[in-house]
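>>> Below: sequence and its predicted model.
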Amino acid sequence: MSKRAGNIPWSDEEDQFHRDSISSGMKPEAVAKAMTEKFSREFTRNAVMGRAHRQGIQNSAPPVVLKSKKLYSAWTPEQDDFIRAEFTAGKKLIWIADTFFPASTSS
């Protein structure tokens, strides 16, 4: 069983390797794997990211851009038209579980 880096102080050599790897643009997962293999103790992705954050080290790799920019919503243009028509007609509506219903006229 390998030792985790959590409670063991990082050596100067580990710190330098970490700093150089993150600064060169390596992903945290790859840095953790490389450090685990090189230093014979377990380094996790979270340990690598946390250490970089605390030391103010920036990753030089460009940010990941999601391929899909589609936003998902329960709201539809049909609902907008329905609400506008009902409001224009002077009707009151209530919103229940992502659906509009005519409000009760008896009060």
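Great, that's in hand.
>>> Next, the buried residues of stretch 32-50.
32-36, 39, 43-44, 47-49 (16 or more other C-beta atoms under 10 Å). Every residue, glycine included, has its C-beta placed from N, CA and C.
>>> among the residues you listed, which two are most distant?
Among the buried residues of stretch 32-50, the pair separated by the greatest distance (C-beta to C-beta) is 39 and 49, at 17.3 Å.
>>> which is the next helix or strand following the strand or helix carrying residue 52?
Element membership for residue 52 (DSSP states H and E) is helix 45-55. Sequence-wise, the next helix or strand downstream of helix 45-55 (DSSP H and E) is helix 77-88.
>>> Now do the contacts for residue 49.
Contact analysis of residue 49 by C-beta atoms under 8 Å, 6 or more residues apart in numbering lists residue 28.
>>> any idea how far residue 90 lies from residue 79?
As for residue 90, its distance to residue 79 is 19 Å (criterion: C-beta to C-beta, to the nearest Å).
>>> which non-adjacent residue is nearest residue 30?
Sequence neighbours aside, residue 21 is the residue nearest to residue 30 in space, at 7.7 Å (criterion: C-beta to C-beta, 6 or more residues apart in numbering).
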